[in-house]
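Engineer: Pasting the sequence and the predicted coordinates here, then a few questions.
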Amino acid sequence: MDLLAAWMPWIKFVHLAALLAWCASLLALPSLLALFPRTEGRVSRRRLRAATRFVYIALASPAAVLAVVSGTALIHLMNVYAPWFFAKLTLVAAMVLFHAGCGKLILVLRERPRVWSPGLLLATAAVPVALILGVLWLVLAQPALGPLSLPRLR
């Protein structure tokens, strides 16, 4: 157990660094996606596609994987199983779904860049803001949510 305790600060560091990169990417992607309908010209559109693809594939996706893997390791090392923690995991799952949704939008906007309005695409930035703030609040406040009442199986 001493070996695991020695690695704990490094796992926390990797988790925090990956979370920062992933959250920054989730905040940047809606802004990049909102540029698709406004971008004119073949060269400009190609550059925008390359930048968006880079943020998604080279930054957001590896950071998401690192955040989830290191977070899973921390769950097992720290034995945190309080109700607030399950609420946090639900919000993290929603962040993963938003991440996947951005990937789908990148593919759709590549073929049909004007399928959604820039305002609507930019408004999707509110989703990661709400999710990130929710996760941050749950982690810092660790509210007493009480036991989760699950339906009983007969």
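Structural biologist: That came through, no problem.

Engineer: hey, which helix or strand in the chain has the poorest pLDDT?
Structural biologist: Sorting the helices and strands of the chain by mean pLDDT, DSSP states H and E puts helix 118-123 at the bottom, at a mean of 84.

Engineer: can you pull the buried residues of that one?
Structural biologist: Neighbour counts over helix 118-123 (16 or more other CB atoms under 10 Å) mark Pro118, Leu121 as buried. Backbone N, C-alpha and C define where each C-beta goes, glycine included.

Engineer: Only alpha carbons, please: show that helix as PDB.
Structural biologist: The C-alpha trace of helix 118-123 is given here as PDB (Å, rounded to 0.1, in the frame of the first residue of the first chain):
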ATOM      1  CA  PRO A 118     -23.800  30.000 -35.800                       C
ATOM      2  CA  GLY A 119     -25.900  31.200 -32.800                       C
ATOM      3  CA  LEU A 120     -27.200  27.800 -32.100                       C
ATOM      4  CA  LEU A 121     -23.800  26.200 -32.300                       C
ATOM      5  CA  LEU A 122     -22.300  28.900 -30.100                       C
ATOM      6  CA  ALA A 123     -25.200  28.400 -27.600                       C
END
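
Engineer: Residues in contact with it: which ones?
Structural biologist: Residues outside helix 118-123 that contact it (CB atoms under 8 Å, 6 or more residues apart in numbering): Pro30, Ser31, Leu33, Ala34, Leu35, Phe36, Pro37, Arg38, Leu105.

Engineer: Make a PyMOL selection of the buried ones in those.
Structural biologist: Buried residues within those, by 16+ other CB under 10 Å, are selected in PyMOL with:
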select buried, resi 30+33+34+35+36+37+105
